[in-house]
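1. My questions concern the predicted model and sequence given below.
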Amino acid sequence: MKPQDARKRQLIESLAGLIVSCQTQKDDPIHTDDMVVKMAEAARWAGASGIRANSPEQIKAIKSKVDLPVIGLYKIWYEHTDVFITPTLDACRQVWEAGAEIIALDCTSQLTEEGRPAYELLPVLNPEAIIFADVATYEEAKRAIQLGADLVAPTLYGYTAETKHIEQPDIREFARMCRAFKEDAYMVMEGHIYTPEDAMKCMYLGAHAVVVGSAITRPHLIAKRFVDLLNGYQTNWRDAERSKH
Ligand SMILES: CC(=O)N[C@H](C=O)[C@@H](O)[C@H](O)[C@H](O)COP(=O)(O)O
């Protein structure tokens, strides 16, 4: 259900538009300690309505410099599970204590390292926090809303066993989610949105906001998309030329 609490509602309403995911991992070619702050400042400069940030450390750094609401998460990888977005109660607590107004967590049916379905954490979270459910499917979105999620996004579409190796958003499925759930929760599009036009399409279909990461804050991946395409083209073109001789 959409929150009744005026404070929560006002904050979520203010997120309408573009949310920029500002995250780096230590082994990224662009990683420096303050890189995410620079990304968030650039997003603020551009007029973004919110930031999505990973880890207590990066959330705190952004919060100290940029006055925008933060959707916080904490990625922790374990050996026996694909659940890595804020997978434990302690991780949720740390995100909240770091200053994020909104806690994002995996609310799919995947089993966590502890052997329970990821979505089970949702109903036991701090009621003060606004909850952003990361899901992969329509059914998971439905259940997350029943369990009290305030915002829902298909963030994990392409990342669960069921949907692995899909590298495009399913905009039709997102439209179906918006039609069914828009009155009960704020629907957000997240994952594989690479152009302003695709983001706009999602808004037109009923998204309250669109979260964009790689296309804005991961220049090495943007460069790689160009290189992969150009190199693939060169190889095919050379093979075709050779076969003529
Ligand atoms: C699956 C996962 O780990 N998603 C993460 C969630 O916080 C981020 O790495 C993504 O950048 C974010 O979801 C935005 O997606 P895209 O980078 O495709 O615009």
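-> Sure thing, it's come through.
2. give me every residue that touches the residue of the chain found nearest the ligand.
-> Shortest the chain-to-the ligand distance, computed as C-beta to the nearest ligand atom: residue-wise this is G213, at 2.6 Å. To be clear about C-beta, it is placed using only N, CA and C from the backbone, and glycine gets the same treatment. G213 makes contact with 20-21, 23, 52, 190, according to C-beta atoms under 8 Å, 6 or more residues apart in numbering.
3. hmm, try it at 6 Å
-> Going by C-beta atoms under 6 Å, 6 or more residues apart in numbering, G213 touches S21.
4. Please apply the same query to A136.
-> With C-beta under 6 Å, 6+ apart, A136 has these contacts: 108, 156-157, 160, 163.
5. Would you confirm that A199 contacts V210?
-> Yes. Contact criterion C-beta atoms under 6 Å: A199 and V210 qualify, at 4.2 Å.
6. Overlap of the contact sets of those two?
-> Applying C-beta under 6 Å, 6+ apart, one finds that A199 and V210 are jointly contacted by I193.
7. out of these two, which sits in the more crowded spot?
-> The neighbour comparison of A199 against V210 (other C-beta atoms under 10 Å) goes to V210, with 23 against 20.
8. which SS class is that one?
-> strand (DSSP: H, G, I helix; E, B strand; the rest coil).
9. Quick check: the gap between it and F226.
-> Noted for V210: a distance of 23 Å to F226, by C-beta to C-beta, to the nearest Å.
10. So which residues on this protein come close to the ligand?
-> 21, 23, 52, 73, 155-156, 159, 190-193, 211-215 (C-beta under 6 Å from any ligand atom).
11. So which of these are in strands?
-> 21, 52, 73, 190, 211-212 (DSSP state E).
12. what's the most distant pair in the residues you listed?
-> Greatest spatial distance among those (C-beta to C-beta): L73 and V212, at 15.5 Å.
13. Helices of this protein, start to end?
-> Using DSSP state H, the helices found in the chain span residues 6-13, 35-46, 56-65, 89-97, 138-146, 171-181, 196-205, 214-217, 219-244.
14. Which of those has the lowest mean pLDDT?
-> Lowest mean pLDDT within the helices of the chain: helix 219-244, a mean of 83.
15. ok, A16 - contacts?
-> Per C-beta under 6 Å, 6+ apart, neighbours of A16: 208-209.
16. and what of G17?
-> 49, 209.
17. so what's it scoring on pLDDT?
-> For G17, pLDDT reads 98.
18. D82 now?
-> For D82, pLDDT reads 96.
19. Just give the number of residues close to the closest residue to Q94 other than its chain neighbours.
-> The shortest distance from Q94 to any non-neighbouring residue, by C-beta to C-beta, 6 or more residues apart in numbering, is to P56 (4.7 Å). Close neighbours of P56, defined as other C-beta under 10 Å, add up to 19.
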